[in-house]
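In: Provided below are the primary sequence and the corresponding predicted coordinates.
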Amino acid sequence: VSTTAVVVVALDNSCSSDADCGLWSVCSGVNMCEKQSKSCPNQCSQQGSCVYYDDATGNVLDDCKQGDISCYNACSCFGDYSGSDCSVTTEELLVRQNMRTELLSYLGDLTQNENPTSDSIEAWTNSLSSITQNPDEVSSDAIDGVTSIARTILDNANGASGVKVKSSGLAGVVDSLGVVSKKDSSSGSGSGNGRRYNRRLSGANTDTDTALSNTLNTMLKSYSSVVVSEMVPGQTAVSKVKANFRLSSQIISVSDLDSNSDSDSMQVNTPISYVESVNRVEPMRMVLPRSSDTNLEGLEVTTITMTAGMYNNSGFSSDPLFISLNQSPCGSGSDTCNMTFVLQNKAPVDVENRDATPLLSFNTTCEVGVEVHESHVCSDNTVVVGYCDGISAGIVTSFCPTNHSVSVCNSIVDGGDGSVTGPSSGC
């Protein structure tokens, strides 16, 4: 069952300057606010064309507006030019990649031979981040070297060397993992095909097409262990948002799980990007039961999401979500423990049964120069908000949520060996 709140905005788009327009919009020659198309890096150096793609299907599109998360842009390089902005030839890029590979080799030797201390581990992290800062110059052959160094750093940070390292000193490792997992925006071969593809690691389970999920997931959990070790119950979740994965760690306090709370459950959300929040994208979430076990200590919760595109599996209709808990949220005395997971579909799905209840809506009048937040309570006690940014005049119509049922196929990925169970019966 999916619950969706819809907001429809009808605004006056007339303008006299860009200041009269909203986010990602400019005032056109006919005095109307228009969203600009996404632009490719460095205008593809005038040595390629900017191509737009549907993020779910990879199909070529005619346009892709700024702020639209359903599509992306990439340079399609001409002739022998390559790179994300078509600024170098394939030969030049190969020279740079070879140099980065040599630097990684030197760093790998250093991590194996130098005595691990907090200072040396942080130095390794900074060096790894520096070497991998340009995704174009990290070749596919160098990826295993990056992950090997990252694994050595995280193993030492988690106590293998008996050295304590702060998570802030390991941020560069996550940055490097973000680079090697990032979808390329260029063909890298001068073929002119700018469609993104997923880099894969030798540790991937090819039998189940899990791509680099095992390696990446293991190291992200290792990093989160360092983060959680520094946290206290009730502290705001520590999150990392990268192009191909999201990570969040927190310790839920016993008081948050107190059975005397007004609600019999609590919710843990996955992090989302700023652009997603502007587009009102709902985060994935996990609903945990509240426990009456007074002996329950802080509940450590880590969530990791990776884009479905990292798997060579067309059956994934949502981004996979990995959950790590240090104990059952139901407490030791409970025979059953029910948790609810809400994932977001990557593309529209056919609706089989929609609630026939008439839509309830509320109108909010917007005026230029006046920022407005109006809260409205629906019949099911859901609160919808009418928001005016003060930039444009018009009417914002907020609709109460409706329930509809859809066909769903479920798969479970075992956290240990990456094997996929499913789809479930009836799919």
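Out: Thanks, I have it.

In: what's the next secondary structure element after the helix ranked longest in the chain?
Out: Secondary structure of the chain per DSSP state H: the longest helix is helix 90-113. Per DSSP states H and E, the first helix or strand lying C-terminal to helix 90-113 is helix 118-131.

In: Quick check: which helices or strands does that next one pack against?
Out: Here helix 118-131 touches helix 90-113, helix 143-155, helix 171-180, going by 3 or more CB pairs under 8 Å, 6 or more residues apart in numbering; DSSP states H and E. C-beta coordinates here come from the backbone N, C-alpha and C atoms, glycine included.

In: mind putting those in JSON lines, mean neighbour count included?
Out: Formatted as JSON lines, the helices and strands packed on helix 118-131 follow (neighbours: other CB atoms under 10 Å):
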{"stretch": "helix 90-113", "mean neighbour count": "15"}
{"stretch": "helix 143-155", "mean neighbour count": "21"}
{"stretch": "helix 171-180", "mean neighbour count": "22"}
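
In: Dump those helices to TSV, plus mean pLDDT.
Out: Shown next, in TSV, are those (pLDDT from 0 to 100):
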stretch	mean pLDDT
helix 90-113	94
helix 143-155	92
helix 171-180	90
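
In: Looking at those, spot the one closest to Thr125.
Out: For these, the distance to Thr125 is smallest for helix 171-180, at 4.2 Å, taking CB to CB.

In: That closest one versus helix 143-155: what angle between them?
Out: 150 degrees (axes from the mean of the first three to the mean of the last three CA atoms, to 10 degrees).

In: from now on call the first residue 25
Out: With 25 as the first residue, the last one maps to helix 195-204.

In: outside of helix 195-204, which residues touch it?
Out: 149-150, 152-154, 156-157, 159, 162, 167, 170-171, 174, 177-178, 223, 225, 236, 240, 243-244, 247, 264, 266-269, 271 (CB atoms under 8 Å, 6 or more residues apart in numbering).

In: and that helix, how far from the chain's centre?
Out: 14 Å (CA atoms, centre = their mean, to the nearest Å).

In: C-alpha coordinates for that helix, PDB please?
Out: Presented in PDB, the C-alpha positions along helix 195-204 are these (Å, rounded to 0.1, in the frame of the first residue of the first chain):
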ATOM      1  CA  ALA A 195      35.600  11.000   5.300                       C
ATOM      2  CA  GLY A 196      38.000  10.800   2.400                       C
ATOM      3  CA  VAL A 197      37.500   7.000   2.200                       C
ATOM      4  CA  VAL A 198      33.800   7.500   1.700                       C
ATOM      5  CA  ASP A 199      34.600  10.200  -1.000                       C
ATOM      6  CA  SER A 200      36.800   7.700  -2.800                       C
ATOM      7  CA  LEU A 201      34.200   5.000  -2.600                       C
ATOM      8  CA  GLY A 202      31.700   7.500  -4.100                       C
ATOM      9  CA  VAL A 203      34.100   8.000  -7.000                       C
ATOM     10  CA  VAL A 204      34.700   4.400  -7.900                       C
END
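
In: helix or strand right after the lowest-mean-pLDDT helix or strand in the chain?
Out: When the helices and strands of the chain are compared on mean pLDDT, DSSP states H and E, strand 26-35 comes out lowest with a mean of 43. Under the assignment DSSP H and E, the closest C-terminal helix or strand after strand 26-35 is strand 49-51.

In: What's the mean pLDDT across that next one?
Out: For strand 49-51, mean pLDDT is 87.

In: cool, stretch 76-90 as well?
Out: Here the average pLDDT along stretch 76-90 is 87.

In: Between the two ends of that stretch, what distance do you get?
Out: Taking CA to CA, to the nearest Å, stretch 76-90 runs 12 Å from one end to the other.

In: Need the residues that contact it.
Out: 48, 59-62, 75, 93-98, 219-220, 370-371.

In: of those, closest to Thr141?
Out: Arg220 (39.6 Å).

In: So Leu117 is in contact with Asn158, correct?
Out: No - counting by CB atoms under 8 Å, Leu117 sits too far from Asn158 to count as a contact (10.2 Å).

In: Now do the strands in the stretch 225-374 of the chain.
Out: 262-265, 269-276, 289-293, 309-313, 323-330, 345-349, 364-366 (DSSP state E, counting those that start in this stretch).

In: Could I get the average pLDDT for the third one?
Out: The pLDDT scores in strand 289-293 average 83.

In: Show me what it is packed against.
Out: Against strand 289-293 (3+ CB pairs under 8 Å, 6+ apart) you get strand 269-276, strand 309-313.

In: what pairs with Cys95 across the strands?
Out: Asp78 (DSSP bridges).

In: What is the neighbour count of it?
Out: 16 (other CB atoms under 10 Å).

In: Ok, Thr141 next?
Out: With other CB under 10 Å as criterion, Thr141 counts 13.

In: Look at it and report its pLDDT.
Out: Value for Thr141, per-residue pLDDT: 92.

In: Spatially nearest residue to Phe386 (excluding sequence neighbours)?
Out: His400 (4.1 Å; CB to CB, 6 or more residues apart in numbering).

In: that's a helix at the one you found, yeah?
Out: No - under DSSP: H, G, I helix; E, B strand; the rest coil, His400 sits outside any helix and is assigned strand.

In: In contact with it, which residues?
Out: 386, 407-410, 422.

In: which residues does it form a beta bridge with?
Out: According to DSSP bridges, beta-bridge pairing links His400 with Val408.

In: possible to save the contacts of His400 as CSV with neighbour count and distance to Tyr130?
Out: Compiled in CSV, the contacts of His400 are given as follows (neighbours: other CB atoms under 10 Å; distance: CB to CB, whole Å):
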residue, neighbour count, distance to Tyr130
Phe386, 17, 63
Val407, 11, 57
Val408, 19, 57
Val409, 15, 54
Gly410, 21, 58
Ser422, 23, 58
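
In: Include distance to Ala80 when you put the strands of the stretch 225-374 of the chain into JSON lines, please.
Out: Listed next are those as JSON lines, based on distance: least, CB to CB, whole Å:
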{"stretch": "strand 262-265", "distance to Ala80": "20"}
{"stretch": "strand 269-276", "distance to Ala80": "18"}
{"stretch": "strand 289-293", "distance to Ala80": "22"}
{"stretch": "strand 309-313", "distance to Ala80": "21"}
{"stretch": "strand 323-330", "distance to Ala80": "16"}
{"stretch": "strand 345-349", "distance to Ala80": "18"}
{"stretch": "strand 364-366", "distance to Ala80": "19"}
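
In: Good, wrapping up.
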